[in-house]
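> The sequence and its predicted three-dimensional model are supplied below.
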Amino acid sequence: MGDFQTHEHDVLVIGAGGAGLRAAIEAAGDCSVGLVCKSLLGKAHTVMAEGGVAAAMANVDERDGWETHFADTMRGGQYLNNPMMAELHAKEAPARVHELEEWGALFDRTRDGRILQRNFGGHAYPRLAHVGDRTGLEMIRTLQDHGIHQGLEVYMECTVIELLKDGDRVVGAFGYDRERGRFRLFKAKSIVLATGGVGRAFKVTSNSWEYTGDGHSLAYHAGADLLDMEFIQFHPTGMVWPPSVRGILVTEGVRGEGGILTNSEGKRFMFDDIPELYKDSTADTPEEGWRYVTGDKEARRPPELLTRDHVARCILKEVSEGRGSPHGGAFLDIAWIKEKFANSEEHIKKKLPSMYHQFKQLANLDITKEPMEVGPTTHYVMGGVRVDAETQMSTVSGLFAAGEVAAGLHGANRLGGNSLSDLLVFGKRAGEYAAKFAQENGGGKIDDAEVDALAKAALEPLERDGDGENPYEIQRELQEMMQDKVGIIREDGLMKEAIDDIAKLAERATQATAHGNREYNPGWHTALDLKCLLTVSEASARAALERRESRGAQTRNDFPDKDPDDWGQHNLLLRKGADGAMEVDKVPVVPQTEQQKKIIEDNQ
C-alpha cells in the first residue's frame, strides 16, 4: 500500500456541522473520535440556518407540547415520515435545546427570562427558540466551543471520497487533504455521516459550496439504502436580485415576525389558495393574521406561514400568470408593520439583524422601508440515508447517519426549524449508538489493494494533464439541467430526459481533467465532486419519475393530485444493484401506532 497518512479512531464522524459536532461530542465520552470537515471548523452550512430551533418548550404558549409538535411534523411531511423518528424528535428536542443553553448558547428571552420562541410555517404555536436571525451560527459556536474540550481529533479541509468495508461492515474511509492534496486513510470501528445536503446539484440554491451530496453518495456506493430522494425542498424566499445574490436565503423568520407576500398588483395572494389540511388553522383576514404573529392565542396563523412547498408553488403561480415582481419573484414586505408600530424600524433591526444587513450590503435595499424581492431557492433534501429510528444506523453495519444526510423524520416536506432540532436530537443518538457499536466490535481489515486503486483513480484527472473534459462545465450543465427538468414543477418527459442527460454527463465525467498539480487545486476537487453530484441527481430524478402523484415537495404537472390509497402509503428506496445500476423499490410506509394515530387525530 502507498505511504498514506493513516489515522485510527473508534468512531469517525464525517461532517462538522450541527449533527456532526453533536455526534462527536456524544461519542467522545468513552471513545477515540475523529472529526472530518470539508471546510474549516465552525464554517459548516449550519451557520446559515437563521430562524430557530423547533422545540415544544411552551415558553410563549402553554398549549404547546410534544404531541402537537409530533402531529405538526407528520402533517407537514404528508404522513410519509417515519412516525417513531417524528415522536423521538418531538419528545427530545426541548432537552437538547436546554443542553445547548447549559453549554453557553445565548437565546433571545421572554420578559420573565425564559427562552423566547417565535412563529414559523406549519407550526401550530410559537415554537422556535432563536437568537435574532442568527441561530445556526450560535449553535455552531456553542457546539464547537464545547466539543474541542472533549478530546476530539479534528481534520479540517479534508474530503472523504470512499468508505472502506470488510465484508458487509464499514471499517474505514479514504480521502484527501484539500490544501496539499495528500491522501488520508482513516481506520474506524464505526462511522457517522453528517455531511448535509445536495443543493449544489441545482443552479439556484441557498446551500454552501460543500453541499455536493457527499454523504448520500458515500453511503449509496457502500451499499446503503437511500429513501425519499424525490423530495427536494425549494425554500419559497431566496433573494432574486441582483443576479450575484440569486438564491441566498431569506429567513422564514421575516414572515414569522409579520412579513407579508404580495404580487405586482399589491395583493396578498396567499389568501387565495389555502390547502384543505390547513383551512381550519389559517386566518381568514389580514387582521386575524396580524393578531396571530403578535401573540393572540385565539387567532389563526396567516397564510404566509403555511408550509414551504405550498408557499413556493404559490409564488411560482403568480410569476407564471404575469403578476410577479420585476425580476421574477414576489414581494416580501416587513416594512408595512410601520402601520402597527411607532418604532418599527428599530423593531425590525432588533428581530432580523442579519436580514437587514444582508439586503443593505448585497442589494442596497433597506428592509425597514421597502419590500424585498424573493423567489424559490433549492434549500433542503428530505431524502437521504435510510436509518433505524432509534440508533441512526443505516442498512450497512457500522455506518450511521444524522441530520440532512439521513432520511425519515421529514417525509415529503420539512417544517422550518425542525432541521436544527433534528441535528441535535439525532446527532446525539448517532454518536451514542456509534460509540456503543465501536465498543462492542473490534477493528476490521482494510484491503491495501483497494486503497491503492482508489488513490490511482483519484489522480486520473491530474494525469490527463488538461487533455479531457472541463469539470466546471460538466457541473454547470448538470446544475442547469436539474433546475430545468427536476425542479419545482416536474413531468414525465422532462425527467426521462434528465436521466438520459445524467448518464451522458457521467460518461463525460470519467474524462474530467484538472490542470496543475494536487496542491491548492479546486479544479481537481471539482472533478472528484462530480461522482457525488451525479449520484444524488440520478437518485432524485429516478425517484421523482417513479412517484406518480403530487405530494409535499413533489409537484407533477402530469399527476397534479395526491394518491392517498397508493402513493400516500409508500416510500421509495434506492439502492445500488449487483450490476452497479441504480434500483428503485416501492415499500410501505412505517406504520403509526394506535397512540400516534390518536395524537394526530386530536391535533387536526
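Yep, it's here.
> list the helices and strands the helix or strand I140 falls within packs on?
I140 belongs to helix 135-147 when assigned by DSSP states H and E. If you count contacts as 3 or more C-beta pairs under 8 Å, 6 or more residues apart in numbering; DSSP states H and E, helix 135-147 packs onto helix 18-27, helix 83-102, helix 418-440. All C-beta spots, glycine's among them, are computed from the backbone N, C-alpha and C.
> Format these as JSON lines; extra columns: distance to D225.
Output for the helices and strands packed on helix 135-147, formatted as JSON lines (distance: least, C-beta to C-beta, whole Å):
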{"stretch": "helix 18-27", "distance to D225": "19"}
{"stretch": "helix 83-102", "distance to D225": "15"}
{"stretch": "helix 418-440", "distance to D225": "17"}
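> Which of the ones you listed sits closest to G328?
Of all these, it is helix 418-440 that lies closest to G328, at 26.6 Å by C-beta to C-beta.
> In the following helix or strand past the closest one, which residues are buried?
The C-terminal neighbour of helix 418-440 among helices and strands, as given by DSSP H and E, is helix 448-463. By neighbour count with 16 or more other C-beta atoms under 10 Å, helix 448-463 contains the buried residues V451, L454, A455, A458, L459, E460, P461, L462.
> what residue ranges in the chain score low on pLDDT?
1 (pLDDT under 70).
> and with 80 instead?
Scanning the chain with the threshold set as pLDDT under 80 gives 1-3, 465-466.
> And it, what are its domain boundaries?
235-378, 453-562 (automatic domain parsing).
> what's the span of the first one, first residue to last?
Chord length of domain 235-378, first to last residue, is 6 Å (C-alpha to C-alpha, to the nearest Å).
> and G172, that one's in a strand?
Yes: under DSSP: H, G, I helix; E, B strand; the rest coil, G172 falls within a strand.
> How many neighbouring residues does it have?
Neighbours of G172 under the rule other C-beta atoms under 10 Å: 28.
> Give the bridge partners for it, please.
In this entry, G172 is beta-bridged to L164, K187, by DSSP bridges.
> Am I right that T159 is in a strand?
Yes: counting by three-state DSSP, T159 is part of a strand.
> any idea how far it is from G29?
28 Å (C-beta to C-beta, to the nearest Å).
> likewise A219?
25 Å.
> same deal with K576?
From K576 over to G29 (counting by C-beta to C-beta), the distance is 35 Å.
> ok, these two, which is more surrounded?
Shown here are K576 and G29; by other C-beta under 10 Å, K576 has more neighbours (17 against 12).
> Which of the buried residues of helix 448-463 sits closest to L185?
When these are compared against L185 (criterion: C-beta to C-beta), the nearest one is V451, at 6.2 Å.
> what's the closest non-adjacent residue to G552?
A412 (2.5 Å; C-beta to C-beta, 6 or more residues apart in numbering).
> That neighbour: neighbour count?
For A412, the number of neighbouring residues by other C-beta under 10 Å comes to 28.
> what do you get for V590?
Neighbours of V590 (other C-beta under 10 Å): 15.
> could you check the angle helix 448-463 makes with the helix ranked longest in the chain?
The longest helix of the chain (DSSP state H) is helix 522-546. Put simply, helix 522-546 runs at 110 degrees to helix 448-463, going by axes from the mean of the first three to the mean of the last three C-alpha atoms, to 10 degrees.
> in helix 522-546, what counts as buried?
In helix 522-546, counting by 16+ other C-beta under 10 Å, buried: 523-546.
> how much space between R542 and V451?
R542 is 31 Å from V451, by C-beta to C-beta.
> Tell me the spatial nearest neighbour of the residue nearest in space to the middle of the chain, not counting adjacent residues.
Nearest residue to the geometric centre of the chain (C-alpha atoms, centre = their mean): Y380, 3.7 Å. Spatial nearest neighbour of Y380, excluding adjacent residues (C-beta to C-beta, 6+ apart): Q233 at 4.1 Å.
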